[in-house]
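Q: Task: produce atomic coordinates for the following.
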Amino acid sequence: MKRVFSSIFAIIPLFSFAIVTLNLSLISTDQASSVLMDVKSKIFELLPEEATITNSSTATFSMTFFLSYNATNDIYVGEWKYGDETVRYEYTPKGYKYYRDFVMECASFPLEKVSFYLFSKDEFPDVFRLTYHPVLDEYCDFSSEYFVFSSERLSGNRNLFLVDRKDGELLPMPIYGSSEYFPRISPDQKYLLFQGSLHGNWGIYYMPISSDYSSKIKLISRGRFAAYNPNWLDENTVVYVQEDATSNHLVVKDLVTMREKTYYLPFDWIFTPVKGREGIVFVGLKESDFGIYELLPDGTVTVLENSPYNEFDPDVFGNYLIFSSNRDGVFRIYAKELNTGKVWCLTKDISYDAFYPAFSEDGKLVAFSVYEKGREPDIWIVRFRVPQE
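A: Numbers count the residues shown, from 1 in each chain. Below you'll find the predicted structure:
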């Protein structure tokens, strides 16, 4: 008969005000008790300061975790139950998954319940980790209703996930047989624009944010070469990068008429276009030098940021440009006030590479991916503030 190890996880600080509380019942068979302790330790290590673990029946989240070991097949199975929701994780020492990733998978479920809740309530610190799953989470965007990102957590392919900003619920939007990158929410919040591989090659697609999204996916790009890095210019117009036989170029497409304009620019390659103050902001590569430029309505190109360090991943809100750049040995997220030229770092307190920043719809937040050494990336958020002189 298997013995069962049970732990009611209750660590209650004497002087704290918790925005969110967790009531966790952690149970395991005797053979899995050491693994359970590792999961418990990881939860406690990474739990945001705004959360408290308690044994109260009125906790924000009450959930049960059961961890078992099958000696015949040498498999550990962890299962969380929260209301009608059940998630299951498996690990065998003979498999491809690292033990540390199994522990992190198990810990990530309550951690993300907390982080998504704090995000939905706008009750989080200036520097905040949003995702904890050990697989890849990157490429994100905001609207007032949703936060979207790309993740491999569902099936190994990159799928899109929405976080409902009203209640913090995670909403998967998988497209089976395809991988999705660079999701962008339309200005009217009705559609998702993204780079996908549904037809084999990289193409640009859009689909409604609705329960029947999978039956209404539309291909925007055309031709036999790859297309990537899409973005919205307005609710009916998109811009993306289209490769050709020797290089690539910008395409601006009207989704109502499906008419398009092409822009061949004086660069070796161009990447990641985004709506700017006056025109289209993009990364341009010329003779091994990456910089950020703006294509103006009259067809001229102006420099927004081109230092000796190279710049990537632009986004613009009003008078501010954000981008990633390696200026001290680490890729960090920087901001620039376009009127004054003032530049400052948004991620100086994060010691790992950061890429793909995105402004929130109101310019108050910046989300990005953090690449901790030896780990897959997670999504972090900072509050956007202009430093005072």
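Q: hey, let's count contacts and neighbours off CA atoms from now on
A: Noted.
Q: Would you enumerate the residues in contact with the residue nearest to residue 237 when sequence neighbours are not counted?
A: Ranked by Cα to Cα, 6 or more residues apart in numbering and with sequence neighbours excluded, the top spatial neighbour of residue 237 is residue 254, at 4.6 Å. By Cα atoms under 8 Å, 6 or more residues apart in numbering, the residues touching residue 254 are 236-238, 260.
Q: What score does residue 254 have for pLDDT?
A: If you check residue 254, the pLDDT there is 98.
Q: Could you shift the numbering so residue one becomes 50, and keep it that way?
A: Okay, residue one is now 50; in that scheme the one you just asked about reads as residue 303.
Q: how close does it get to residue 272?
A: Distance, residue 303 to residue 272, by Cα to Cα, to the nearest Å: 17 Å.
Q: Residue 297 too?
A: Applying Cα to Cα to residue 297 and residue 272 gives a distance of 13 Å.
Q: So which of the two has more stuff around it?
A: Regarding residue 297 and residue 272, a neighbour count based on other Cα atoms under 10 Å identifies residue 297 as having more, with 21 against 11.
Q: could you say which helix or strand contains the closest residue to that one other than its chain neighbours?
A: Nearest non-adjacent residue to residue 297, counting by Cα to Cα, 6+ apart: residue 291, 5.4 Å away. Per DSSP states H and E, residue 291 falls inside strand 286-292.
Q: Now do that strand: which elements does it pack against?
A: Contact analysis of strand 286-292 by 3 or more Cα pairs under 8 Å, 6 or more residues apart in numbering; DSSP states H and E lists strand 276-283, strand 297-303, strand 318-324 as its packing neighbours.
Q: So for it, mean pLDDT?
A: 98.
Q: Count residues in the vicinity of residue 193, would you?
A: So residue 193, with other Cα under 10 Å, has 13 neighbours.
Q: Can I have the buried ones of the contacts of residue 303 as a PyMOL selection?
A: A single PyMOL command is used to select the members of these judged buried by 16 or more other Cα atoms under 10 Å:
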select buried, resi 286+287
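Q: From residue 311, how far out is the residue nearest to residue 286?
A: Taking Cα to Cα, one finds residue 303 at 12 Å from residue 311.
Q: again, but for residue 281
A: 16 Å.
Q: what about residue 318, neighbour count?
A: Neighbours of residue 318 using other Cα under 10 Å come to 19.
Q: Can you tell me the closest non-neighbouring residue to it?
A: residue 334 (5.2 Å).
Q: Same question for residue 191.
A: residue 409 (5.0 Å).
Q: Am I right that the one you found is in contact with residue 195?
A: No: here residue 409 lies out of contact with residue 195, judged by Cα atoms under 8 Å, at a distance of 10.2 Å.
Q: what sits against the residue nearest to residue 297?
A: With Cα under 8 Å, 6+ apart, residue 291 has these contacts: 274-277, 297-300.
Q: cool, residue 318 as well?
A: 296-298, 333-335 are the contacts of residue 318 under Cα under 8 Å, 6+ apart.
Q: top of those residues by neighbour count?
A: residue 333 (25 neighbours).
Q: Please enumerate the helices of this protein.
A: 82-95, 148-170 (DSSP state H).
Q: The ones you listed into TSV, with extra columns for mean neighbour count and mean pLDDT?
A: What follows is these, written out as TSV (neighbours: other Cα atoms under 10 Å; pLDDT from 0 to 100):
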stretch	mean neighbour count	mean pLDDT
helix 82-95	17	97
helix 148-170	21	97
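Q: Using JSON lines, lay out those together with distance to residue 347.
A: What follows is the helices of the chain, written out as JSON lines (distance: least, Cα to Cα, whole Å):
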{"stretch": "helix 82-95", "distance to residue 347": "51"}
{"stretch": "helix 148-170", "distance to residue 347": "41"}
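Q: who wins for proximity to residue 138 among those?
A: helix 148-170 (6.9 Å; Cα to Cα).
Q: Hey, what's the angle from that closest one to helix 82-95? Just curious.
A: 40 degrees (axes from the mean of the first three to the mean of the last three Cα atoms, to 10 degrees).
Q: Only C-alpha atoms, please: export helix 148-170 in CSV.
A: C-alpha atoms of helix 148-170 as CSV (Å, rounded to 0.1, in the frame of the first residue of the first chain):
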residue,chain,number,x,y,z
TYR,A,148,14.0,17.4,-13.8
ARG,A,149,14.3,21.2,-13.1
ASP,A,150,11.7,21.8,-15.9
PHE,A,151,9.2,19.3,-14.4
VAL,A,152,9.5,21.1,-11.0
MET,A,153,9.1,24.4,-12.7
GLU,A,154,6.0,23.2,-14.6
CYS,A,155,4.4,22.1,-11.4
ALA,A,156,5.2,25.3,-9.6
SER,A,157,4.1,27.5,-12.6
PHE,A,158,0.4,26.7,-12.2
PRO,A,159,-0.2,28.5,-8.9
LEU,A,160,2.5,31.2,-9.7
GLU,A,161,0.7,32.2,-12.9
LYS,A,162,-2.7,32.2,-11.2
VAL,A,163,-1.2,34.8,-8.9
SER,A,164,0.7,36.8,-11.6
PHE,A,165,-2.2,36.9,-14.0
TYR,A,166,-4.6,38.0,-11.2
LEU,A,167,-2.2,40.8,-10.1
PHE,A,168,-1.8,41.9,-13.7
SER,A,169,-5.6,42.0,-14.2
LYS,A,170,-6.0,44.2,-11.0
